[in-house]
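S.K.: have a look at this prediction, sequence included:
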Amino acid sequence: MNDDGRLRQRAWYFTHIFADPKANTHSTCLTPDCFVHWMAGARFNLLSAPHGDHHGLWIDPDHPERLINGNDGGATISIDGGKTWSTQYNQPTAQFYHVITDNRWPYFIYGAQQDNSTVAIRVTTMTA
């Protein structure tokens, strides 16, 4: 039990809890922020994970200090239990909310990324 309101931000959309596969006193709670708890939920600490709006977490079952965090900016990796994270700019991942095309040939696809940038790309280099 915990009455920390930060853990219930937009609970219908966030508030996913991931248990550490090796330590039953440790778990991670994803909200717009990323929290880790010790002592069976009595105390939560904010992890300084890159970007925000955390939606997915993979914890290595054999080495729980290795994590992959999926967020609105892409994915980041930690090998030290969330103390430090990789950049999200070294991989072609994105979360697109809207995608459209135009009417020219070759046509372009345009996409708006959640909490990020927009992208436009030509679908082919062939000409009509």
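M.R.: Alright, I've got the coordinates.
S.K.: the spatially closest residue to W85 that is not a sequence neighbour in helix, strand or coil?
M.R.: Counting by Cβ to Cβ, 6 or more residues apart in numbering, W85 lies nearest to T76, which is 4.3 Å off, once chain neighbours are set aside. C-betas here are computed from N, CA, C, even on glycine. Recorded secondary structure, T76: strand (DSSP: H, G, I helix; E, B strand; the rest coil).
S.K.: nearest spatial neighbour of H51, chain-adjacent residues omitted?
M.R.: G73 (3.3 Å).
S.K.: the one you found contacts S86, doesn't it?
M.R.: No. Using Cβ atoms under 8 Å, G73 makes no contact with S86, being 11.9 Å away.
S.K.: so for the two, which sits in the more crowded spot?
M.R.: Set side by side, G73 and S86 show more neighbours around G73, with 22 against 15, by other Cβ atoms under 10 Å.
S.K.: for the chain, what helix or strand is lowest in average pLDDT?
M.R.: Within the chain, no helix or strand scores below strand 34-38, which has a mean of 62 by mean pLDDT, DSSP states H and E.
S.K.: after that one, which helix or strand is next?
M.R.: Toward the C-terminal end, the helix or strand that comes next after strand 34-38 (DSSP states H and E) is strand 43-47.
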